[in-house]
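Trainee: fold the following, please.
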Amino acid sequence: MRKIIFIGRSESGKTTLTQAMKGKKLTYHKTQYINHYDVIIDTPGEYAETKELAGSLAVYSAEADVVGLLMSSTEPFSLYPPNVTSCANREVVGIVTKCDHWAGDPEQAAEWLRLAGCKKIFMTSSFTGEGITDIISYLKEEHEVLPWETVKAQYDKLGYGEGNNDDQMNINGVVV
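Mentor: Predicted structure coming up:
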């Protein structure tokens, strides 16, 4: 899998998204330093908010294949200046978090990420699971087979049809 670094303001949902992508229980955990997981680099929000620390994000992004700019749907403003992605020497994607929040405006957050230069935008909710598999599938290398692809292949072998929509792909309570 390609490695992604999550960059965003404090409380934008970077650590929660990391927990959701790893299939862990969602618990509040304030990121104090840069954490390396298998394919995820989780950064503290203060690094993006403070110019003295922002340079270290550029250093750590060299270890990633993809830069993920995160923005909560509840943000009242954008942290990112217009066209900031042109500064990166990696592919940059936008990730809107907290899409299920009652006070959120996911479309506004997505528009701010487009203004920052993100061409690909993922709409996510760590609590409902929306968009999590989309990010994981996006990070997948050509030769890799993801767990839900294996389950789908087994499902198809049983002769239940192609299983193209989510209703057909609900196996043991897991939508694949």
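Trainee: for residue 20, which three-state class applies?
Mentor: Following DSSP: H, G, I helix; E, B strand; the rest coil, the label given to residue 20 is helix.
Trainee: how near is it to residue 81?
Mentor: 28 Å (C-beta to C-beta, to the nearest Å). All C-beta spots, glycine's among them, are computed from the backbone N, C-alpha and C.
Trainee: and the gap between the most far-flung residue of the chain relative to its centre and residue 144?
Mentor: Taking C-alpha atoms, centre = their mean, the residue of the chain most remote from its mean C-alpha position is residue 159, at 33.7 Å. Counting by C-beta to C-beta, the gap from residue 159 to residue 144 is 26 Å.
Trainee: ok so, going back, helix, strand or coil for the residue farthest from the centre of the chain?
Mentor: Secondary structure for residue 159, judged by three-state DSSP, is coil.
Trainee: ok, now which ones touch it?
Mentor: By C-beta atoms under 8 Å, 6 or more residues apart in numbering, the contact set of residue 159 is empty.
Trainee: out of residue 20 and residue 81, which sits in the busier spot?
Mentor: Set residue 20 next to residue 81 and count neighbours by other C-beta atoms under 10 Å: residue 20 wins out with 23 against 10.
Trainee: buried ones in stretch 72-79?
Mentor: Residues of stretch 72-79 classed as buried: 72, 73, 74, 75, 78, 79 (neighbour count, 16 or more other C-beta atoms under 10 Å).
Trainee: before we move on, the earlier item: and the pLDDT for the residue farthest from the centre of the chain?
Mentor: pLDDT, residue 159: 73.
Trainee: residue 146 now?
Mentor: In the predicted model, residue 146 carries a pLDDT score of 79.
Trainee: apart from its chain neighbours, what residue comes closest to it?
Mentor: In space, and not counting its chain neighbours, residue 146 is closest to residue 140: 6.0 Å by C-beta to C-beta, 6 or more residues apart in numbering.
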